[in-house]
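Visitor: Dropping a prediction and its sequence here:
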Protein chains: 2
Amino acid sequence: MISQSALRELARIVGPDHLVTDRTALGEYGTDGTKLAFPPDAAAFPRDAEQISRILRVANREGFPVIPRGAGSGMSGGALPVRGGLVLGLRRLDRILEIDRENLVAKVEPGVITADLQEAAEQVGLFYPPDPASIHISTIGGNVAECAGGLRAVKYGVTKDYVLGLTVVLPTGKILKTGVETMKGVAGYDLTRLIVGSEGTLAVITRITLRLIPRPDAKETMLAFFRDVEEAVETVSSIIGAGVTPTALEFLDGLCLRCVKKEMGLRLPAGAGAMLLIEVDGTRRAVTDEAEKIRHVCLHRGALNFREASDPREAETLWEARRNVSPSLYRLRPHKTSEDVVVPRSLLPALARHLDGLARRFGLPIAAFGHAGDGNLHVNIMYDGDDPVERDKVDAVVRELFMEVIRLGGTISGEHGIGITKAPYLEMEIPEEGIRLMGRIKKAFDPNGILNPGKIFPPAGADPDQQGVQKRGERR
Amino acid sequence: MISQSALRELARIVGPDHLVTDRTALGEYGTDGTKLAFPPDAAAFPRDAEQISRILRVANREGFPVIPRGAGSGMSGGALPVRGGLVLGLRRLDRILEIDRENLVAKVEPGVITADLQEAAEQVGLFYPPDPASIHISTIGGNVAECAGGLRAVKYGVTKDYVLGLTVVLPTGKILKTGVETMKGVAGYDLTRLIVGSEGTLAVITRITLRLIPRPDAKETMLAFFRDVEEAVETVSSIIGAGVTPTALEFLDGLCLRCVKKEMGLRLPAGAGAMLLIEVDGTRRAVTDEAEKIRHVCLHRGALNFREASDPREAETLWEARRNVSPSLYRLRPHKTSEDVVVPRSLLPALARHLDGLARRFGLPIAAFGHAGDGNLHVNIMYDGDDPVERDKVDAVVRELFMEVIRLGGTISGEHGIGITKAPYLEMEIPEEGIRLMGRIKKAFDPNGILNPGKIFPPAGADPDQQGVQKRGERR
């Protein structure tokens, strides 16, 4: 709860037009990509770091939670006000401040839509590689807070690999510049990398300095169909083993294929049970060389069919459709729980076999797609939430999946973060001492625990069943 | 001081043969690349994390400092026992545990010499890009602790860009695994990146999981001579501006050229005042294309002379000589203070003009070389330490240099770390609140402050003149 006097103070700070307290109007700020709902007490939309600093000082004095929010497209609940409090909307900090062609650096505010940043960079011959499927809706601030990955990570890495420096407001209200605006710098501890991926729990990001790279001259998209998942993922290892590093090396299983073939305009070859969608980029000649190597590997690995996109428009159609695989899966079942797991690339076949077994044993459709080049699969457990029998199977499937992923030397989150949906499982991956150390770091930033509480850290005495209720609320 | 009983306990932990207490024998463990000298009370050489854990528990109980040490080749004093205590030598943890060709991952112990790791990777067709000039003597553990850069950073980044996970012993003696063994992972705070570059103050690294990449098929080395420094560094910006990203883009000024031309087997064109040493790598055809672009830019920019190394042996001679520029500078003066500054690439000409002015005003030779592609120059102030007049000028030159670097939006350390030599200047770059936050993080790891005390953080009431005494002790 936020006191009336505090609300009046917040209105004075951001202006009455930028403070929302109306219950119905607040609804949209209480949900995100998980479709879970936790209504906040209020939502404020500050203009700059100065206003954010004043808001955080009020929050510390009054002791209410503050939850930073970008586009609200997160997949693990990082932006949800699980304990009420004030949603801190960053949509008004939406300027691309500078794109420095000479130094290959961009300075942006957190509310910029990632696709707009990519376009602005490409217009001047530069390239911002991180490419989460949500680029058209998610903000760069959210991408940094979650350390978003995406389709191009296999060659170009993830968001943290492009963040040089930040301006942040610490939970105490202090404004701090971290990192550098140069290509290198090792002065003091790497606060920048610590804040990237901290899911809005350590600081509010108000400015981001990003490294850009020259835009590649050429790119080429390829499609290869395989009989089954194992053949496809074994081919992924062979492509990397051949010394080629594609820009994107995406995998879709048979269920996903059937859901998106119309959008993709695909004619599936008889017996196709899996597909690889591959992009290479670079100089025109390097692209030709690498595409040839990839064709050779795919055919040698028994691809039923291999072809290159006939033109850039067809390629873009294929990639747009790939970005829409996730929602298209509702054709299988009305509800879904999506897990974002990573294993060492060479163990993808073992993971594929395990998913098969889970689907058979529990009798639920499990559709897998994702960034096979990184060993990162998005595993979608489809079910009917109105059928109590199906509903009750979901948590057991998730827990068995995570146990296998950990056993294979993997991680339970490749790029979606922990938020609240994975918090009860964090102890499966991170040793108790590590979680305790993270808790001490949190306290070093946020002594009163006002910034985005209830995220990442396992709920004291976490009850997976109670957590299950939340997970079963998911709609994407 | 370490009590006799504690020494007996340490001898029981590592074995008497692996504990050094003899004053003269301890000498070598009290110095490093800075040539400063701070004798420790003892030096222990544990075999594994278990022994290190037991040693740290003794240190916490008895309250003596523990200073982790690799090869002792650091340039900022990070391995110096400035407050005495126990040097923790990691040379016995020197195994390359695994090079995983399928997953492009290496697992190594910290005492492995970086060049040996590079060779082991290349023998199986893989590549570990970070390439500090010290690779033949420095250890991978030291590289990780300092976040070493090197000659290839302009294309491939620095050490932190290749560290996936760590096993560390926390100052309290707890053993902790951080990060992942997969290409991606965002579970919890990024402890791995926080420990990388923390200069041995947060944890003792006992195992490192590194990302490798496929070894490029081909490479090509080029040389271009210019009339003066400004022409050379402007050419650097033009090369990057042309959309080419060389593997290495190294700069040597006229003084450096005169010192190394014999090792390099160079015939300097008349009027040569600067040189660029450039490498490109990739597929054979990409290398040909990029070398041609670079030749064009250099000649267009007025290079006095441009040529490609005739064969791999000549190329290797050039790069080895480049690695030896630093010691060769003693031909100019018996003593040197070397600073490792970075500015935005486009401001290198401004920095070059400033160095000219400093050399003229103070009447000291200032030799600059380094990673121009990153905007990272190693600025060497040469002087005669036995001449009190020259000696007293050095600190003033350093302070003016740092002021200008900060004014240009740069950093006072690109890759050598802060250690003790730059600690008194840290406040010039990092705001007080940032240093305080780093102090709280240090405390979250090391409540009793026993691990590598007196590093990074500005000495309370730092006295630059007193610091100067240390700097003037430098011999490299």
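Guide: Yes, it's here.
Visitor: does stretch A:239-254 come close to chain B?
Guide: Yes - remark: stretch A:239-254 sits within contact range of chain B at A:240, A:241, A:243, A:244, A:245, by Cβ under 8 Å from any Cβ of the partner chain. The way it works is simple: take the backbone N, C-alpha and C, and place the C-beta from them, glycine included.
Visitor: out of these, who has the most neighbours?
Guide: Highest neighbour count within the residues of stretch A:239-254 next to chain B: residue A:240, with 24 neighbours (other Cβ atoms under 10 Å in any protein chain shown).
Visitor: picking that back up, quick check: helices, which of the residues of stretch A:239-254 next to chain B are part of them?
Guide: Counting by DSSP state H, the members of the residues of stretch A:239-254 next to chain B that fall within helices are A:240, A:241.
Visitor: Any chance of a markdown table for the residues of stretch A:239-254 next to chain B, columns pLDDT?
Guide: As requested, the residues of stretch A:239-254 next to chain B are arranged in a markdown table below (pLDDT from 0 to 100):
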| residue | pLDDT |
| --- | --- |
| A:240 | 91 |
| A:241 | 87 |
| A:243 | 86 |
| A:244 | 90 |
| A:245 | 91 |
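Visitor: Need the max-distance pair from the residues of stretch A:239-254 next to chain B.
Guide: When those are compared pair by pair using Cβ to Cβ, the two farthest from each other are A:241 and A:245, 11.1 Å apart.
Visitor: What residues does the stretch 251-400 of chain A have near chain B?
Guide: Residues of the stretch 251-400 of chain A that fall close to chain B, judged by Cβ under 8 Å from any Cβ: A:282-283, A:285-286, A:289-290, A:342-346, A:371, A:373-376.
Visitor: Pull out the buried positions in stretch A:343-353.
Guide: Of the residues in stretch A:343-353, A:343, A:344, A:345, A:346, A:347, A:348, A:349, A:351, A:352 count as buried by neighbour count, 16 or more other Cβ atoms under 10 Å in any protein chain shown.
Visitor: whoops, I mixed them up, stretch A:431-438
Guide: Of the residues in stretch A:431-438, those buried by neighbour count under the rule 16+ other Cβ under 10 Å are A:434, A:435, A:437, A:438.
Visitor: again with stretch A:33-51
Guide: Those would be A:33-34, A:36, A:38-46, A:49, A:51, for stretch A:33-51 by 16+ other Cβ under 10 Å.
Visitor: ok, now stretch A:73-91?
Guide: So stretch A:73-91, judged by 16+ other Cβ under 10 Å, has buried residues A:73-82, A:84-91.
Visitor: repeat for stretch A:57-77
Guide: Judged by neighbour count using 16+ other Cβ under 10 Å, the buried positions of stretch A:57-77 are A:57-60, A:62, A:64-77.
Visitor: now stretch A:382-398
Guide: Those buried within stretch A:382-398 under the rule 16+ other Cβ under 10 Å are A:382, A:383, A:385, A:390, A:391, A:393, A:394, A:395, A:397, A:398.
Visitor: Closest to residue A:145 out of those residues?
Guide: residue A:398 (24.0 Å).
Visitor: ok, residue A:266 touching residue A:257?
Guide: Yes - with the criterion set as Cβ atoms under 8 Å, residue A:266 and residue A:257 qualify as a contacting pair; they are 7.3 Å apart.
Visitor: quick one: residue A:21 and residue A:7 touch, right?
Guide: Yes - the pair residue A:21 and residue A:7 passes the contact test of Cβ under 8 Å, sitting 6.3 Å apart.
Visitor: Now the common contact residues for those two.
Guide: A shared contact of residue A:21 and residue A:7, defined by Cβ atoms under 8 Å, 6 or more residues apart in numbering or on different chains, is any residue touching both; here these are residue A:42.
Visitor: Now do residue A:302 against chain B, distance only.
Guide: Residue A:302 is 19 Å from chain B, where distance means Cβ to the nearest Cβ, to the nearest Å.
Visitor: Let me see the contact set for that residue.
Guide: Remark: with contacts taken as Cβ under 8 Å, 6+ apart, residue A:302 is in contact with A:226, A:227, A:231.
Visitor: Now with 6 Å, please.
Guide: Shown in contact with residue A:302 (Cβ atoms under 6 Å, 6 or more residues apart in numbering or on different chains): residue A:231.
Visitor: Under a three-state scheme, what state does it occupy?
Guide: Three-state call for residue A:302 (DSSP: H, G, I helix; E, B strand; the rest coil): coil.
Visitor: how much space is there between it and residue A:373?
Guide: As defined by Cβ to Cβ, to the nearest Å, residue A:302 lies at a distance of 19 Å from residue A:373.
Visitor: now do residue A:417
Guide: In this view, residue A:417 and residue A:373 are 21 Å apart by Cβ to Cβ.
Visitor: Same check on residue A:423?
Guide: Shown here: residue A:423 relative to residue A:373, a distance of 28 Å by Cβ to Cβ.
Visitor: what sits against the residue in the stretch 1-150 of chain A that chain B sits nearest to?
Guide: In the stretch 1-150 of chain A, the residue that lies nearest chain B is residue A:102 (3.9 Å; Cβ to the nearest Cβ). When contacts are counted by Cβ under 6 Å, 6+ apart, residue A:102 touches B:237, B:346.
Visitor: So it belongs to a strand, correct?
Guide: No - remark: residue A:102 does not belong to a strand; assigned using three-state DSSP, it is coil.
Visitor: Going by residue numbers, what spans are strands in the stretch 251-400 of chain A?
Guide: A:274-282, A:305-308, A:335-342, A:366-371, A:376-383 (DSSP state E, counting those that start in this stretch).
Visitor: Direction included, what does the fourth one pair up with?
Guide: Strand A:366-371 has its sheet partners listed here by DSSP bridges as strand A:248-253 (antiparallel), strand A:376-383 (antiparallel).
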